[in-house]
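J.: Provided below for reference: sequence and predicted model.
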There are 2 protein chains.
Amino acid sequence: MTERATDTPLPAGSTIGILGGGQLGRMLSAAASRLGLRCHIYEPGANPPAADVAHALTTASYDDHEALAAFAASVDVVTYEFENIPAPALDLLADSAPIRPGRRALEVSQDRLTEKTFLCDLGLRTAPFVACDDAGALRDALAQIGPRGILKTRRFGYDGKGQVRLDAPDQCEDAIAQMAGAPAILEGFVDFSAEVSVIGARSASGDIACFDPGENEHRDGILHRTLVPSRLSPSLRSDAVLLAARILNALDYVGVMGVELFVTPDGLVVNEIAPRVHNSGHWTQLGCAVDQFEQHIRAVAGWPLGDGKRHADVEMLNLIGDDILTAHEHAGQTGTQLHLYGKAEARPGRKMGHINRLRSAG
Amino acid sequence: MTERATDTPLPAGSTIGILGGGQLGRMLSAAASRLGLRCHIYEPGANPPAADVAHALTTASYDDHEALAAFAASVDVVTYEFENIPAPALDLLADSAPIRPGRRALEVSQDRLTEKTFLCDLGLRTAPFVACDDAGALRDALAQIGPRGILKTRRFGYDGKGQVRLDAPDQCEDAIAQMAGAPAILEGFVDFSAEVSVIGARSASGDIACFDPGENEHRDGILHRTLVPSRLSPSLRSDAVLLAARILNALDYVGVMGVELFVTPDGLVVNEIAPRVHNSGHWTQLGCAVDQFEQHIRAVAGWPLGDGKRHADVEMLNLIGDDILTAHEHAGQTGTQLHLYGKAEARPGRKMGHINRLRSAG
């Protein structure tokens, strides 16, 4: 089903189908309720966090075509909280309901090679990259863009998973072995001083609104902290927003997208794009009248975008694994908002919640 | 069950039972999700707004003892979004789960005579009042506190329902007839320049935090608009907050309470108290890091209260009945937050949603 250029806003009581029942789905569903809308969550796993605030839940796998068809028939529009949705599931859903953001955004972001090629074709800069599926190709690629690089699976990677760092040609055999036969891409290192991200939104009628870029800090390959405002110069800040807008338009995108950028001496380099609400946009819950979750729901529901202007300086801190044990200590602090995802078990590396804190609160 | 002075905070995944499935329950349930908590809604009516964001829903009347018992057994604590809960239902619930705010707050606020007597015993000022259940008593009461007054049912009144204005003794027979046999109270008029309300919260460990008083405007007996900051002088503002704290302590209260106050030349007069989150506290969703809904959930869940300091000037505007048709016009405005309750039918006088707007946005 093709995206329509404009649309009638979904009325109160309409249902948005969300693929994926994690914390992003949970916060999307709570945001939808503010607009009088309901959410139906589709999730293979048991007791998903999003079910606590959803109107309906389907527990089924992405190859259960009967469940997918029933789900699609029960909703007015389908959106998602993660990008790795199997194409056959999308084909089936698209027969009954519009999918927003559209298929092109998913095709591009599901494959690192397709994504980087798309971005370069748009005239944007990325890390140097070469597809390489065997050790010989990898050695050639390393010689070309090295001496160091990161070999990544083209698909299904997140939070540093499916990645191997390479410092020398003799590591090539082992690195390819670790890909376990999955198609891979070698990415060269980018010499960057900071990582920022732009959370951009595009409405069904083509209006674009971007949140103020946030500055990100990672630990062990997982986002640790986002600060707004970032230390970007005014001209780089506007470059970042224009660049995000260009990507949104090129994909005829409807919804919220996260665009991760490296800040280099030569300007901004796109790290990756995520066709969904993004961890680095959680600060908008405290800093803006309308946050990224509601902005996404507005877009996919055909509503006008809301005012995402930043009205406060905010620090967002992820609570990973056992960090959750400190939640009560943060709970009463000045200018502090706590967001817990209702996950029972705090495994290492698992995102359990986050804190938004007014930076003026000190 | 008596309230414990302190408590262990409910862990993530715990369930809060909410009596009543309207918009207040809906916003309470969304707030609970931010703390990793689930809500189970108990509501006699079909398709209640709160069900869209609840983990579980029981559709049953307040005299269905089997349903009440099963509900109480499934939750860790019971709270409510309205005060007119039948006492036998509360007796039954209290056998299985703590009820917060406690029974005393409900007893006081369910009956206008008990409430006013309680407030006067605390040394606070109210409108003059006399209980009167027949025309003779009403004539005497009018002579005592008149010449004008409002006859109100002692119980089950809200938004101006169950009230008759009196300007002359010859209206007494008719006014009593309109009470249809219900016990009634005559309240004298208070000459006030403004109505303000304090939304106060008290935690299970006895900590108190009050939101900045808001100034209210009514239309046709229903709240139309709340503005913060109010035009209260600094000394009246602190009087208002101290007065609310006094009521909270006297009731050994756990949760959020709305205290409506008249501003008179002689100081503040208590209009009424509501043992729940309150329409005049909706502005906190935009103006504070932690809003009234989350503050209530924190209190009843035994958590520390959050930071309710006002960080912005806000106007809250109710969308009543057909006002809802203008929702899309407001949706894209600067500094504007829209909150719709998902009600399908816009009957006259029905609260359909509200808008929070930054006053700096003009």
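T.: That came through, no problem. Predicted model only: the values in this text are computed from it and were never measured.
J.: the host helix or strand of A:I247: what's the following helix or strand?
T.: Per DSSP states H and E: A:I247 is located in helix A:234-250. Using DSSP H and E, the helix or strand that follows helix A:234-250 in sequence is strand A:255-264.
J.: for chain A, give me the ranges with low pLDDT.
T.: A:1-7, A:157-161, A:361-362 (pLDDT under 70).
J.: recalculate using a threshold of 50.
T.: Scanning chain A for pLDDT under 50 picks out the ranges A:1-6.
J.: ranges for the strands of the stretch 201-350 of chain A?
T.: All strands of the stretch 201-350 of chain A, identified by DSSP state E, counting those that start in this stretch, fall at A:208-210, A:214-219, A:222-228, A:255-264, A:267-274, A:314-320, A:336-340.
J.: for the stretch 1-150 of chain A, same thing?
T.: So, for the stretch 1-150 of chain A - with DSSP E, counting those that start in this stretch - the strands run A:15-19, A:38-43, A:56-59, A:77-80, A:129-131, A:149-153.
J.: which residue does the stretch 51-200 of chain A bring closest to chain B?
T.: Across the stretch 51-200 of chain A, no residue is closer to chain B than A:V53, which sits at 4.3 Å (Cβ to the nearest Cβ). Glycine gets a C-beta too; all of them are placed from N, C-alpha and C.
J.: what residues are up against the closest residue to A:H65 other than its chain neighbours?
T.: When the adjacent residues along the chain are set aside, A:H65 lies closest to A:L92, with 5.8 Å between them (Cβ to Cβ, 6 or more residues apart in numbering or on different chains). By Cβ atoms under 8 Å, 6 or more residues apart in numbering or on different chains, the contact set of A:L92 is A:65, A:68-69, A:72.
J.: which one (most neighbours) among those residues?
T.: Highest neighbour count within those, by other Cβ atoms under 10 Å in any protein chain shown: A:L68, with 26 neighbours.
J.: residues in contact with A:I320?
T.: A:I320 makes contact with A:219, A:222, A:224, A:348-352, according to Cβ under 8 Å, 6+ apart.
J.: hmm, I was thinking of A:A141
T.: A:130, A:132, A:149, A:186.
J.: export these as CSV, with columns for neighbour count and distance to B:F192.
T.: Conversion of the contacts of A:A141 to CSV gives the following (neighbours: other Cβ atoms under 10 Å in any protein chain shown; distance: Cβ to Cβ, whole Å):
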residue, neighbour count, distance to B:F192
A:V130, 18, 76
A:C132, 23, 78
A:G149, 26, 74
A:L186, 27, 75
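J.: nearest to B:E294 among those?
T.: Distance to B:E294 across the contacts of A:A141 (Cβ to Cβ) is lowest for A:G149, with 46.2 Å.
J.: for the closest one, list each beta-bridge partner.
T.: For A:G149, the beta-bridge partners are A:L166, A:G188 (DSSP bridges).
J.: that one is in contact with A:I185, isn't it?
T.: No. Using Cβ atoms under 8 Å, A:G149 makes no contact with A:I185, being 9.7 Å away.
J.: how far away is A:C132 from A:L151?
T.: In this view, A:C132 and A:L151 are 8 Å apart by Cβ to Cβ, to the nearest Å.
J.: ignore the last one, A:D121
T.: According to Cβ to Cβ, A:D121 stands 23 Å off from A:L151.
J.: outline the domain layout of chain A.
T.: For chain A, automatic domain parsing gives the domain ranges A:15-109, A:128-188, A:194-361.
J.: got a list of what the residue lying closest to A:D167 once chain neighbours are set aside touches?
T.: In space, and not counting its chain neighbours, A:D167 is closest to A:R148: 5.3 Å by Cβ to Cβ, 6+ apart. Going by Cβ under 8 Å, 6+ apart, A:R148 touches A:165-167, A:188-189.
J.: mark which of these are buried, thanks.
T.: By neighbour count, with 16 or more other Cβ atoms under 10 Å in any protein chain shown, the contacts of A:R148 hold A:166, A:188 as buried.
J.: got the residues of the stretch 201-350 of chain A near chain B?
T.: For the stretch 201-350 of chain A, the residues in contact with chain B (Cβ under 8 Å from any Cβ of the partner chain) are A:286, A:289-290, A:298, A:303-307, A:309, A:311-312, A:324, A:328, A:331-344.
J.: out of these, which are buried?
T.: The buried subset of those - by 16+ other Cβ under 10 Å - is A:286, A:289-290, A:298, A:303-307, A:309, A:311-312, A:324, A:331-333, A:335-343.
J.: overlap in contacts, A:C132 and A:L151.
T.: A:138, A:176, A:184-186.
J.: what's across from the residue nearest to A:G214 when sequence neighbours are not counted in the sheet?
T.: Distances taken as Cβ to Cβ, 6+ apart put A:T226 closest to A:G214, at 4.2 Å, once the chain neighbours are dropped. As for beta bridges, A:T226 partners with A:N216, A:M316 under DSSP bridges.
J.: my guess is A:T226 contacts A:D212. True?
T.: No. Using Cβ under 8 Å, A:T226 is not in contact with A:D212, being 11.0 Å away.
J.: of these two, who's got more company?
T.: When neighbours are counted by other Cβ under 10 Å, A:T226 comes out ahead of the other of A:T226 and A:D212, with 29 against 23.
J.: what about the helices in the stretch 1-150 of chain A?
T.: Taking DSSP state H, counting those that start in this stretch as the criterion, the stretch 1-150 of chain A carries its helices at A:23-34, A:65-73, A:87-94, A:103-110, A:112-121, A:135-145.
J.: roughly how far is the third one from the heart of the chain?
T.: Relative to the chain's own centre, helix A:87-94 is displaced by 20 Å; criterion: Cα atoms, centre = their mean, to the nearest Å.
J.: in that helix, what's buried?
T.: Neighbour counts over helix A:87-94 (16+ other Cβ under 10 Å) mark A:89-90, A:92-94 as buried.
J.: okay, the closest residue to A:A182 other than its chain neighbours and A:Q163: tell me how far apart.
T.: Leaving aside its chain neighbours, A:A182 sits nearest to A:T153 (4.5 Å; criterion: Cβ to Cβ, 6+ apart). A:T153 sits at a distance of 8 Å from A:Q163 (criterion: Cβ to Cβ).
J.: okay, the two: which has more neighbours?
T.: Taking neighbours as other Cβ under 10 Å, A:T153 and A:Q163 compare with A:T153 leading, 20 against 17.
J.: partners of A:T15 in the sheet?
T.: Beta-bridge pairing for A:T15 (DSSP bridges): A:R38.
J.: try A:R202
T.: A:I208, A:G255.
J.: neighbours of it, how many?
T.: A:R202 is flanked by 26 other residues according to other Cβ under 10 Å.
J.: so it touches A:R246, yeah?
T.: No. A:R202 lies out of contact with A:R246 (Cβ under 8 Å); the separation is 11.1 Å.
J.: mind listing the shared neighbours of the two?
T.: Common neighbours of A:R202 and A:R246 (Cβ under 8 Å, 6+ apart) do not exist.
J.: pull stretch A:231-243 out as CSV, backbone CA atoms only.
T.: Output of stretch A:231-243 as CSV, limited to C-alpha atoms (Å, rounded to 0.1, in the frame of the first residue of the first chain):
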residue,chain,number,x,y,z
ARG,A,231,27.9,21.4,22.1
LEU,A,232,27.2,21.7,18.4
SER,A,233,28.0,25.1,16.9
PRO,A,234,24.9,26.9,15.5
SER,A,235,25.9,26.1,11.9
LEU,A,236,26.4,22.4,12.6
ARG,A,237,23.1,22.3,14.5
SER,A,238,21.3,23.6,11.5
ASP,A,239,23.3,21.2,9.2
ALA,A,240,22.2,18.4,11.4
VAL,A,241,18.5,19.3,11.2
LEU,A,242,18.6,20.0,7.5
LEU,A,243,20.3,16.6,6.9
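J.: in the stretch 1-150 of chain A, what residue is nearest chain B?
T.: For the stretch 1-150 of chain A, Cβ to the nearest Cβ, closest residue to chain B: A:G36, 3.2 Å.
J.: ok, that residue touching B:Y341?
T.: Yes. Counting by Cβ under 8 Å, B:Y341 is a contact partner of A:G36 at 6.3 Å.
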